[in-house]
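Novice: Have a look at this fold, sequence not included:
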């Protein structure tokens, strides 16, 4: 962990991976889950992650383009 190569990897991780968690924490206002239990807390976090991902998509592409892509997408049922 003290090598220059390792330090660069840690720096890269901080810029890529940790930003979404900070943004989600900011969106929540605090990082305490409202629901109790592992399964319910996971569902709550999944909702926050979905909201974050939708927000990112809207910032990357405009909403009209995203709706057009969704309309033309071939949906598969599993």
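Specialist: Noted; the coordinates are in hand. If you're wondering where the values come from, they're calculated on a predicted model, not measured in any experiment. Numbering: from 1, shown residues only.
Novice: Could you name the helices and strands sitting against the helix or strand of the chain with the lowest mean pLDDT?
Specialist: Lowest by mean pLDDT, DSSP states H and E among the helices and strands of the chain is helix 18-28, with a mean of 75. In terms of contacts (3 or more CB pairs under 8 Å, 6 or more residues apart in numbering; DSSP states H and E), helix 18-28 is packed against helix 38-60. Bear in mind the C-beta positions are built from the backbone N, C-alpha and C, glycine included.
Novice: Quick one: mean pLDDT for whatever helix or strand comes next after the helix it packs on?
Specialist: For helix 38-60, the following helix or strand on the C-terminal side (DSSP states H and E) is helix 63-72. Here helix 63-72 scores 84 as its mean pLDDT.
Novice: now the angle from helix 63-72 to helix 38-60?
Specialist: Helix 63-72 runs at 120 degrees relative to helix 38-60, counting by axes from the mean of the first three to the mean of the last three CA atoms, to 10 degrees.
Novice: re earlier: for the least confident helix or strand of the chain, which outside residues touch it?
Specialist: 31, 45, 48-49, 51-52 (CB atoms under 8 Å, 6 or more residues apart in numbering).
Novice: Give me the lowest-pLDDT entry from the residues you listed.
Specialist: Lowest pLDDT among the contacts of helix 18-28: residue 31, with 68.
Novice: Pull the distance from the least confident helix or strand of the chain to the chain's centre.
Specialist: Chain-centre distance of helix 18-28: 8 Å, with CA atoms, centre = their mean, to the nearest Å.
Novice: and if you look at stretch 22-40?
Specialist: 13 Å.
Novice: same deal with stretch 42-50?
Specialist: Distance, stretch centre to chain centre, for stretch 42-50: 9 Å (CA atoms, centre = their mean).
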